[in-house]
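> Dropping the sequence and predicted coords here.
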Amino acid sequence: MRILVIGAGIIGSIYGWALSDCGHDVVHLVRRGRATALRDSLTVDMLDLRKGRKRHFHGVYKLAATESLSPADGVELVIVPEHYALAETLEEVVPAAGDTEFLLLTQNWRGTAEVDPILPRTRYVYRYAPAPLAIPPTEHGNPGSAL
């Protein structure tokens, strides 16, 4: 699946890396002038708790970045992670995305009133995705818990 992640900050980069690691074709839409700075790669050093994965991952994410989007790019899903200017971002991205569907992972607790005039409800899923999904036991006696 070809996935576009809005931004290449810490949250977008982690989502991009994890999806790329699962075999998806991921590209990050970044501000003008930023793609060149990201062309080399990002070093990833994290605890990966996904089932069947190594617990501690240290490696390189070859982040693919673009500064533009068009329907001809063939993007099948747009992910908008943790974005505080959600309406402004959607106003810019939706026309360039064609009929692509959106996954909005945001902390906007005001609901979908600002999204609905820009993007039909049939084209998006709106969800805040907490992380981690589980807290592992620690050496200090924390038994761990599921969230």
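Good, I have the coordinates.

> and R34, how far is that from A8?
R34 sits 7 Å away from A8 when distances are taken as C-beta to C-beta, to the nearest Å. Heads up, the C-betas are built off the backbone N, CA and C, glycines and all.

> who touches both of those two?
Jointly contacting R34 and A8 under the rule C-beta atoms under 8 Å, 6 or more residues apart in numbering are A65.

> Which one of the two is surrounded by more residues?
Neighbour tally, R34 and A8, criterion other C-beta atoms under 10 Å: the higher count belongs to A8, 22 against 14.

> A97 and P71 touch, don't they?
Yes - counting by C-beta atoms under 8 Å, A97 touches P71, with 6.8 Å between them.

> So for those two, which sits in the more crowded spot?
Per other C-beta under 10 Å, whichever of A97 and P71 has more neighbours is A97, with 22 against 12.

> and the more buried one, what does it touch?
Contact analysis of A97 by C-beta under 8 Å, 6+ apart lists 4, 69, 71, 75, 78.

> How about Y61?
Shown in contact with Y61 (C-beta under 8 Å, 6+ apart): 13, 16-17, 20, 41-44.

> So, low pLDDT: which residues of this protein?
In the predicted model, the chain carries pLDDT under 70 at residues 108, 128-147.
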